[in-house]
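Enquirer: sharing a sequence plus its predicted fold:
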Amino acid sequence: MLSFVVHQVETDQTLISFLKKRFKTTSLSLIYKLFRTKKIKVDGENVRYYHYRLKAGEKIEIYDNYLKQSNLVVYPPSHSKVYFEIIYEDQNILIVLKEHGIPMPSLDNAVRYYLLKKDPIDYQQKIKQLFVLIAAHRLDRLTKGLVIYPKNPLAKKVLYKAIGDKSKITKKYLAICENNPAKILPNYVSGYL
């Protein structure tokens with residue numbers, strides 16, 4: 001049997017996310033099988049709902065003799081030559097301007113490297129708490145625009161909720177057309193992509 005206690009910084013994440021972080025080398029089908037066969041308990045109760053939201057202090061027990069916890073080896077971000085401009089930064093979020101032609105994984109690495117160099121102790125603490133620094137949304141390689149990075153779990157939760165609510169954060173695009181399109185486009189186009 002394996003057991004874990006949910007820490008404050010892990011509060012409100014889903015149980016499946018919690019398990020995927022700890023058992024990275026275990027196939028997802030095996031993790032789902034643990035749910036189906038009632039081998040996962042939270043505070044002594046069987047949990048079969050993958051998206052169960054965890055609360056601080058809850059005890060997770062997994063009844064499986066063959067499951068091995070992954071080593072939590074996190075490699076530091078590599079030095080990056082990817083340029084980005086910081087538009088806004090505070091203790092919760094970082095907003096950067098991504099240039100066109102830069103893929104998101106390269107930008108993510110550059111932002112991680114920036115934060116590691118800025119405050120190595122804070123960065124290492126977040127890694128130990130299994131916080132993964134990643135953009136709250138994505139932009140295509142050819143798109144230039146603002147990208148928001150949450151810097152802690154609470155900011156990540158708030159940002160994901162705000163992006164899901166179209167009245168709080170709206171996305172606007174400016175398209176630059178080349179080679180004089182045959183059909184004249186209106187000044188403003190509204191619709192779903």
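Expert: Cool, got the structure. Numbering: from 1, shown residues only.

Enquirer: list the buried residues in the helix or strand of the chain with the lowest mean pLDDT.
Expert: Using mean pLDDT, DSSP states H and E, the weakest-scoring helix or strand in the chain turns out to be helix 120-128, at a mean of 83. Within helix 120-128, the residues scored as buried using 16 or more other CB atoms under 10 Å are 123, 126, 127. Every residue, glycine included, has its C-beta placed from N, CA and C.

Enquirer: could you point out the helix or strand that follows it?
Expert: strand 145-150 (DSSP states H and E).

Enquirer: what residues does that next one touch?
Expert: Residues from elsewhere that reach strand 145-150 (CB atoms under 8 Å, 6 or more residues apart in numbering): 87, 92-98, 104, 107, 111, 133-137, 139, 156, 158-159, 173.

Enquirer: so which of those sit within strands?
Expert: 87, 93, 94, 95, 96, 97, 98 (DSSP state E).

Enquirer: show the buried residues in these.
Expert: Taking 16+ other CB under 10 Å as the criterion, what is buried in those is 93, 94, 96, 98.

Enquirer: from residue 144, how far out is the third one?
Expert: Just to be clear, that refers to residue 96. Separation of residue 96 from residue 144 (CB to CB, to the nearest Å) stands at 11 Å.

Enquirer: got it, and the second one?
Expert: Relative to residue 144, residue 94 is positioned 17 Å away (criterion: CB to CB).

Enquirer: domain-wise, how is the chain divided?
Expert: Listed by automatic domain parsing, the domain ranges of the chain are 2-62, 74-193.

Enquirer: what residue is smack in the middle of the protein?
Expert: residue 134 (4.8 Å; CA atoms, centre = their mean).
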